[in-house]
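K.L.:
curious how this folds, go ahead:
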Amino acid sequence: MEVNKKVYKAFLDVVDGKDSRTTKALYRLFLVAATAVLLVFCVNLLSIGRSSFGEWGDFFGGVLNPILTFLTFMGLLITIVIQQTELKESRKEFKRSADALDDQSKSLKKQNFESTFFQMLSLHNDIVNSIDLVEKESGNTTKGRDCFRVFYTRLARLYRETKNKGKGKYPPESIAKLSYALFWKGHQAELGHYFRYLYNLIKFVDESEFSEGLYIKLIRAQLSDQELFLLFYNSISDQGQKFRNYIEKYALFDNMPAIRILDKAHLKLYPEKAYGVPVS
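P.N.:
As a prediction, the model looks like this:
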């Protein structure tokens, strides 16, 4: 049993060497073959005179041929094993190359996405900065993100007026929808483009492979409190229904100061996931 293990170990050493195994293994076979030839040749030389040349030749061929045949078979076996090992290594190298190409493709795709995303985010800011409002009485002009403070003030005023006219007959949700409908009628020209583009910016991220990254958070960080308030009421109106899915999916009202909402009852118009945390 021990002899068999040792022979098997020696066999593995021959056919499964590491570096330069082809040269070493075949060189060992060459030494064995040369030794066998010399040994048989010497034995036969010593037997000359005691036997005829015919018997000497038969003995020489009979002993040497099986040895050389066996060694040839061993050489073929070593070559097959080495070819299999090289094929396995080639497959590993091919897989590494394929993985590298896949990583490169993903990296390029992400670069293209980020390039488009930041261009769209920049254009969104340009849209915000292009908004301007002119007060009829004073003639004062408000531009850019400051306009949303004016929008929110006007919406709050409309809500209070509508609520007073209703004299408690209508639920807060109905009053909010009617107030925003009146507000939208007067400010659709300024806000229509803004909401359409914001919707498509979030949709672009959502439909990409990178929706789990920081990109939605970057968009949310761009929105002021007043923008979030307007988005809140816009998305309960008929024209803003499509936005609700993204609001709930990405908790867009996570940082909205709920204390400044027009009516605390309005917070129930959205599920808790829209706020990121439970709302009391």
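
K.L.:
which regions of the stretch 101-250 of the chain sit below the pLDDT cut-off?
P.N.:
For the stretch 101-250 of the chain, no stretch is flagged by pLDDT under 70.

K.L.:
try it again at 90.
P.N.:
Residues of the stretch 101-250 of the chain meeting the criterion pLDDT under 90: 101-108, 110, 133-141, 165-173, 209-213, 238-241.

K.L.:
mind listing the helices in it by residue range?
P.N.:
147-166, 172-206, 215-222, 225-234, 243-249 (DSSP state H, counting those that start in this stretch).

K.L.:
packing partners of the first one?
P.N.:
Spelled out, that is helix 147-166. The contact analysis (3 or more Cβ pairs under 8 Å, 6 or more residues apart in numbering; DSSP states H and E) places helix 147-166 against strand 132-134, helix 172-206, helix 225-234. Yep, even glycine has a C-beta here, placed from its N, CA and C like the rest.

K.L.:
name the helices or strands packed onto the first one?
P.N.:
Read that as strand 132-134. strand 141-143, helix 147-166.

K.L.:
adjacent strands (with direction) for it?
P.N.:
strand 141-143 (antiparallel) (DSSP bridges).

K.L.:
can you point out the buried residues in the strand it pairs with?
P.N.:
Buried residues in strand 141-143, counted by 16 or more other Cβ atoms under 10 Å: Thr142.

K.L.:
give me the contacts around that strand.
P.N.:
129, 131-135, 149-150 (Cβ atoms under 8 Å, 6 or more residues apart in numbering).

K.L.:
quick revisit: JSON lines for the helices and strands packed on strand 132-134, including distance to Phe113?
P.N.:
Formatted as JSON lines, the helices and strands packed on strand 132-134 follow (distance: least, Cβ to Cβ, whole Å):
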{"stretch": "strand 141-143", "distance to Phe113": "32"}
{"stretch": "helix 147-166", "distance to Phe113": "29"}
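
K.L.:
looking at the ones you listed, which is nearest to Leu269?
P.N.:
When the helices and strands packed on strand 132-134 are compared by Cβ to Cβ, helix 147-166 sits nearest Leu269, at 13.6 Å.

K.L.:
what residues does that closest one touch?
P.N.:
Under Cβ under 8 Å, 6+ apart, the answer for helix 147-166 is 131-133, 142, 175-176, 178-180, 182-183, 186-187, 190-191, 224, 226-227, 229-230, 233, 262-263.

K.L.:
go again with 10 Å.
P.N.:
128-129, 131-133, 135, 141-142, 170, 172, 174-184, 186-187, 190-191, 194, 223-230, 233-234, 260, 262-263, 266 (Cβ atoms under 10 Å, 6 or more residues apart in numbering).

K.L.:
going through the residues you listed, which ones are buried?
P.N.:
When the contacts of helix 147-166 are checked against 16+ other Cβ under 10 Å, the ones flagged as buried are 128, 131, 133, 142, 172, 175-180, 182-184, 187, 191, 194, 223, 226-230, 233-234, 262, 266.

K.L.:
could the helices of the stretch 101-250 of the chain go into TSV alongside distance to Glu272?
P.N.:
Formatted as TSV, those follow (distance: least, Cβ to Cβ, whole Å):
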stretch	distance to Glu272
helix 147-166	23
helix 172-206	17
helix 215-222	17
helix 225-234	14
helix 243-249	9
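
K.L.:
so which of these gets nearest Phe118?
P.N.:
Nearest of the helices of the stretch 101-250 of the chain (Cβ to Cβ): helix 215-222, 8.8 Å.

K.L.:
relative orientation of the closest one and helix 225-234 in degrees?
P.N.:
110 degrees (axes from the mean of the first three to the mean of the last three Cα atoms, to 10 degrees).

K.L.:
what residues sit buried inside helix 215-222?
P.N.:
215-216, 219-220.

K.L.:
my guess is Phe229 contacts Met256. True?
P.N.:
Yes. Phe229 is within contact range of Met256, at 7.2 Å (criterion: Cβ atoms under 10 Å).

K.L.:
now for these two: what residues contact both?
P.N.:
In contact with both Phe229 and Met256: Leu223, using Cβ under 10 Å, 6+ apart.

K.L.:
before we move on, back to that, highest average neighbour count across the helices and strands packed on strand 132-134?
P.N.:
Most buried of the helices and strands packed on strand 132-134 by mean neighbour count (mean count of other Cβ atoms under 10 Å) is helix 147-166; its value is a mean of 17.
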